[in-house]
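>>> sequence plus predicted model, see below.
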Amino acid sequence: MASSQVNVFGNTYSVLGVMDMAKKPEMGIPDNYIRPEREALIRCDESTPLPEIPILDFKSLVCGNNRDTELEKLYTACKDWGFFQVVNHGVNPQLLEKLKVEVEKFFELPIEEKKKYQIRPGDVQGYGSVIRCKDQKLDWGDRFYMLINPIQRRKSYLFPELPQSLRNTLESYFTELRKLGMTLLGLLGQAISMDMKEVEELFDDGMQSMRMTYYPPCPQPEQVEGLTPHSDANGITILHQINGVEGLEIKKGGVWIPVTFHPNAFVVNVGDIMEILSNGAYTSVEHRAAVNKEKERISIAMFFNLKLEAEIGPVKRLISPENPSLFKSMQMEDYVKDFFSRNLNGKSNLEKMRIKRFDARNSAAYAKAPPLPSADEDSSDSSSDDSSEEIFVESVAVAPPSSDPSFDLSAKTSSSEDDSTSYEQEGQAQ
Ligand SMILES: O=C(O)CCC(=O)C(=O)O
């Protein structure tokens, strides 16, 4: 496989990446990187400019004069786009500059150095990508993924072994982003009428992980995928495009749209868990990373997730006979295990959690339908392990939560950095 290095770990394989191979474009692109099925981007011309994802001002959201209006904008962005950009986020630009230098230096290390961090058997953390089957298509990128919170769960051979200056810079970045992430989670919660206490019960000292990715230039970028289309399995993700080169693409209304980053903005997206908590009011949107013909691209994604002992499921207050539960409930631990047993694949993770409802009156299966569930049964949670739960209902109108949420703007929005929670976690890709 050209210069990418494959190691066999029992039944699992991991590939380090494409960086070295990409330095020899004359060798061509190996077949296992070629994606004939890659869907094309939206076509745009001067009369129909590219749609742009909403830009929100963090300061106005937190302490502006029109916070209700800003929160409504946030709600609409999460509902219609599942993505927004946040400016005025307060993260020190000097820290971001230092992060750029350190992350670039890290990816420039010789492959022998980076091999120290290679993903180990039965794990998903470290440098490289997990390969689960022989004919798996690979992404055109080198990546390093690790769990960073709770601190006691960090792998001893990953973060503590990174070059010291990178470690110090990352540690400062994690702290800054944790504050930002918790505040954003609080705001997203408020917009669906959760109070901060509920948000903290789920997310405070929750799982936090990061992926830094180096996408080398590719002679035929339209033939490969930098990162396979997927929705994030987590609460929210904050993406920083470290060297300013673009490549993020999102699927909206069935078409792929490239994201133009506002300078100095972070891109935030709603993950599957946030769509589930909001009972479908928010949308976890499929996205992918494209690569560039000439330029290298570097990004760092920070994933915010629930505590492992939390239960995932729609917020009870949002459920009623008129607005029944769209998703099953599940222990976070089971959800994580299930997620890691599979490769990234569009929105398949979220679809497994969805309760399938058939409109009995319009269904050919009506004659065979079991007795209609009562409203209570209908909105109840299921702890079943079945991947698909099917419910027959009579023309249920699924209304989004009130579009006039009661915004409790006085709620506390800071996070507590209590690292005492202990849980088992063996590999968190998001
Ligand atoms: O690099 C990007 O633009 C996307 C990164 C991403 O979606 C991820 O790491 O999950």
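Thanks, I have the structure now.

>>> quick one, strands of the stretch 251-400 of the chain?
255-258, 266-270, 287-289, 297-304, 311-312, 330-331, 355-359, 389-393 (DSSP state E, counting those that start in this stretch).

>>> what's the least confident stretch among the ones you listed?
In terms of average pLDDT, strand 389-393 trails the rest of these, at a mean of 42.

>>> turn the strands of the stretch 251-400 of the chain into JSON lines, including distance to the ligand.
Just so you know, the C-beta spots here come from the backbone N, C-alpha and C atoms, and that holds for glycine as well. JSON lines is the format used below for the strands of the stretch 251-400 of the chain (distance: least, CB to the nearest ligand atom, whole Å):
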{"stretch": "strand 255-258", "distance to the ligand": "10"}
{"stretch": "strand 266-270", "distance to the ligand": "8"}
{"stretch": "strand 287-289", "distance to the ligand": "4"}
{"stretch": "strand 297-304", "distance to the ligand": "3"}
{"stretch": "strand 311-312", "distance to the ligand": "19"}
{"stretch": "strand 330-331", "distance to the ligand": "21"}
{"stretch": "strand 355-359", "distance to the ligand": "26"}
{"stretch": "strand 389-393", "distance to the ligand": "27"}
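
>>> which one, of these, ends up nearest to Thr76?
In terms of CB to CB, the element of the strands of the stretch 251-400 of the chain nearest to Thr76 is strand 266-270, at 12.2 Å.

>>> and the angle from the closest one to strand 297-304?
For strand 266-270 against strand 297-304, the angle by axes from the mean of the first three to the mean of the last three CA atoms, to 10 degrees is 50 degrees.

>>> okay, buried residues for the lengthiest helix in the chain please.
What stands out as the longest helix in the chain, according to DSSP state H, is helix 164-190. With burial defined by 16 or more other CB atoms under 10 Å, the residues of helix 164-190 counted as buried are 166, 169-170, 173-174, 176-190.

>>> equivalent analysis for stretch 84-97, please.
Phe84, Gln85, Val86, His89, Val91, Leu96.

>>> neighbouring contacts of that stretch?
Identification of contacts with stretch 84-97 by CB atoms under 8 Å, 6 or more residues apart in numbering yields 53-60, 74, 77-78, 169, 172-173, 176-177, 180, 184, 240, 261-262, 264-268.

>>> which positions in this structure make contact with the ligand?
Arg211, Thr213, Leu227, Leu239, Gly247, Leu248, His287, Ala289, Ser299, Ala301 (CB under 6 Å from any ligand atom).

>>> quick check: the two most widely separated of those?
Maximum distance among the residues of the chain next to the ligand (CB to CB): 14.2 Å, for Arg211 and Gly247.

>>> okay, the two: which has more neighbours?
Between Arg211 and Gly247, counting by other CB atoms under 10 Å, Gly247 is the more crowded of the two (23 against 20).

>>> who are the contact partners of the more buried one?
Residues near Gly247 by CB under 8 Å, 6+ apart: Tyr215, Gly226, Gln241, Pro258, Ala289, Ala290, Val291, Asn292, Arg297, Ser299.

>>> ok, now which ones touch Met207?
147, 149-150, 234, 303-308, 336, 425, 428.

>>> residues near the residue of the stretch 1-150 of the chain found nearest the ligand, how many?
Ranking the residues of the stretch 1-150 of the chain by distance to the ligand (CB to the nearest ligand atom) places Arg143 first, at 7.3 Å. By other CB under 10 Å, 23 other residues sit near Arg143.

>>> distance-wise, check it relative to Phe174.
Arg143 sits 17 Å away from Phe174, going by CB to CB, to the nearest Å.

>>> what's the answer for Val255, then?
For Val255, the distance to Phe174 - CB to CB - is 35 Å.

>>> now Tyr33
Per CB to CB, Tyr33 is found 32 Å from Phe174.

>>> do Leu74 as well
Going from Leu74 to Phe174 by CB to CB gives 24 Å.

>>> can you give me the strands for the stretch 101-250 of the chain?
126-127, 129-131, 142-149, 208-215, 227-230, 236-241, 248-252.

>>> closest one to Ile276 among the ones you listed?
Per CB to CB, nearest to Ile276 of the strands of the stretch 101-250 of the chain: strand 236-241, 12.8 Å.

>>> check the offset of that closest one from the chain's centre.
8 Å (CA atoms, centre = their mean, to the nearest Å).

>>> give me the phi and psi angles of the spatially most central residue of the chain.
Computing the C-alpha centroid of the chain and ranking residues by CA atoms, centre = their mean puts Asp232 first, at 2.9 Å. Dihedral pair for Asp232: phi -80, psi 140, per degrees, to the nearest 10.

>>> then Asp45?
phi -130, psi -170.

>>> just the pLDDT for it.
77.

>>> swap in the one 4 residues further on?
Looking at Pro49, its pLDDT is 81.

>>> one more: the one 4 residues further on?
Looking at Ile53, its pLDDT reads 95.

>>> still on that earlier bit, least confident of the strands of the stretch 101-250 of the chain, on average?
Among those, strand 129-131 carries the lowest mean pLDDT, a mean of 87.

>>> Lys105: neighbouring residues, count only.
12.

>>> pull up the gap between it and Leu177, please.
Taken as CB to CB, the span from Lys105 to Leu177 is 20 Å.

>>> swap in Tyr117?
For Tyr117, the distance to Leu177 - CB to CB - is 21 Å.

>>> what does Asp204 give?
Asp204 is 15 Å from Leu177, by CB to CB.

>>> next one: Asp68
Taking CB to CB, one finds Asp68 at 26 Å from Leu177.
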